[in-house]
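1. sequence? don't have it. structure:
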């Protein structure tokens, strides 16, 4: 995906924040010259409106993943939101359509994850290492199909590729995840990864009221 109508992605905007729906395949930030990303697109959008083109990235989604993100429009709001993020004040809930089934209607996964910067991958290691970090998530099964299960996933930590790695390690790889699903076919990969950040909640950085957003995923997801 090379182009985007950024106005179509905006779910909420005021003087302090922008809440957007990131399309699958579109980067939040990119180091590649000439590659448009959410950050640059939002800066351009604000500049065209005659506003200060300040956009602070508070949290990220993997490029293949779709879902909700909040950006700050000033440094004070950015500081407040970043502090909330660090202290676990954000509610981040995902929908994941996984290959296979589980006998557990719900479960908590706790693993040690180790990132490999050279290959941009992470893996579960059997015990704590110098470079590993604990990863924790919980999931519940919302629906089962013949091919797999639709899970609602709640993150307690925010590790690199966490949901993708932990679910694959648990025998529940995500459809369309060419990086971690060993059973992923070319056709599955072309449909995109079936992972969406579909609920987000936090306190408004200035008004202090609770902000809650929800979107439904597009692509290879069974209807809830």
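-> Perfect, thanks for sending it. All values reported here derive from a predicted model rather than from experimental measurement.
2. what about this protein, any weak spots by pLDDT?
-> For the chain, the stretches flagged by pLDDT under 70 are 1-2, 32-34, 224.
3. now do the strands in this structure.
-> 10-13, 17-22, 56-57, 66-72, 91-99, 106-116, 121-125, 133-144, 148-155, 195-203, 210-214 (DSSP state E).
4. quick one: closest of those strands to residue 85.
-> Evaluated over these, closeness to residue 85 peaks at strand 195-203, with 8.1 Å, by CB to CB. C-beta here means a position set from N, CA and C on the backbone, and glycine is covered the same way.
5. and residue 175, its phi and psi?
-> phi -60, psi 140 (degrees, to the nearest 10).
6. next up, the contacts around the spatially closest residue to it that is not a sequence neighbour.
-> Closest residue to residue 175 apart from its sequence neighbours, by CB to CB, 6 or more residues apart in numbering: residue 194 at 4.2 Å. Shown in contact with residue 194 (CB atoms under 8 Å, 6 or more residues apart in numbering): 96, 97, 98, 174, 175, 176, 177, 217, 219, 220, 221.
7. again, 6 Å this time
-> 97, 174, 175, 176, 220, 221 (CB atoms under 6 Å, 6 or more residues apart in numbering).
8. wait, which of these is closest to residue 150?
-> Checking the contacts of residue 194 against residue 150 by CB to CB gives residue 97 as the nearest, at 5.3 Å.
9. was I right to think that closest one contacts residue 221?
-> Yes: between residue 97 and residue 221 there is a contact at 5.1 Å, judged by CB atoms under 6 Å.
10. out of those two, which sits in the busier spot?
-> Neighbours of residue 97 and residue 221, each counted by other CB atoms under 10 Å, are more numerous for residue 97; the result is 24 against 19.
11. look up how far residue 90 lies from the more buried one.
-> 23 Å (CB to CB, to the nearest Å).
12. what's the answer for residue 76, then?
-> From residue 76 to residue 90 the distance is 18 Å (CB to CB).
13. higher neighbour count, those two?
-> Between residue 76 and residue 90, counted using other CB under 10 Å, residue 90 has the larger neighbour count: 18 against 12.
14. residue contacts, the more buried one?
-> 84, 202.
15. go with 8 Å
-> Here residue 90 is in contact with 59, 84, 200, 201, 202 (CB under 8 Å, 6+ apart).
16. of the residues you listed, which pair is most distant in space?
-> Farthest apart among the contacts of residue 90 - using CB to CB - are 59 and 201, which lie 12.7 Å from each other.
17. between those two, who's got more neighbours?
-> residue 59 (18 against 15).
18. quick one, what contacts residue 114?
-> 122, 123, 124, 125, 129, 131, 132, 133.
19. where's the residue nearest to the second one when sequence neighbours are not counted relative to residue 157, distance?
-> Nearest residue to residue 123 in three dimensions, chain neighbours excluded: residue 114, at 5.7 Å (CB to CB, 6+ apart). Per CB to CB, residue 114 is found 14 Å from residue 157.
20. good, we can wrap up now.
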